[in-house]
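Structure of the sequence below:
(one chain, ligands or ions: 1)
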Amino acid sequence: MLPSRRMLEELYQEIILDHYRRPRNRGKAVPADLAYKDSNPLCGDEIEVTATLVDGKIKDIKFDGHGCSICLASSSIMTGKLVGKTLAEALNYIENFQKMMRGDIPFGGKEMGDLKALEGVLKFPVRVKCATLAWHTAHRGITAKL
Ligand code: ZN
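So this is what the prediction gives:
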């Protein structure tokens with residue numbers, strides 16, 4: 001069954017489209033103290049996350065690669081959320097988001113902002129991997145540094 005128009009409208013909310021059309025922090029962080037690349041073969045999304053670390057904090061974080069609108073918008077939103085955090089804080093934030101995307105905890109809480117737009121993706125289980133690819137990639141990259 002095709003998703004209804006209303007569901008699609010919810011999925012491709014304005015915020016998601018805005019991040020897709022004008023991605024924030026796209027490119028490579030220099031120096032790339034942290035770099036990790038991963039893909040979602042189900043959709044063809046491929047994302048590399050790079051970050052510059054200063055005093056244990058993420059001074060700069062960028063993503064590069066290609067993917068669908070959900071994947072790129074989520075990557076763009078993620079970079080804005082993780083910049084300025086310590087690696088431990090970033091891991092915590094990522095894990096919290098992953099729990100929301102698995103439906104383990106409700107969507108919401110502090111510091112949501114643009115991230116709230118991704119809640120609509122939960123209605124499309126096949127797209128959840130698109131929304132979480134960059135986060136999973138950043139998580140792997142950070143874990144490798146700890
Ligand atoms: Zn995708």
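
quick one: the nearest residue to L146 once chain neighbours are set aside and I142, what's the gap?
Distances taken as Cβ to Cβ, 6 or more residues apart in numbering put L87 closest to L146, at 6.1 Å, once the chain neighbours are dropped. Every C-beta, even on glycine, is put in place using the N, C-alpha and C of the backbone. According to Cβ to Cβ, to the nearest Å, L87 stands 5 Å off from I142.

who's in contact with the residue nearest to L146?
L53, G56, K57, I58, I142, K145, L146 (Cβ atoms under 8 Å, 6 or more residues apart in numbering).

Against the ion, how distant is it?
Relative to the ion, L87 is positioned 27 Å away (Cβ to the ion, to the nearest Å).

repeat for A29
Note on A29: its distance to the ion, by Cβ to the ion, is 23 Å.

can you check Q13 too?
Between Q13 and the ion the computed distance is 16 Å (Cβ to the ion).

got it, and S75?
As judged by Cβ to the ion, S75 and the ion stand 11 Å apart.
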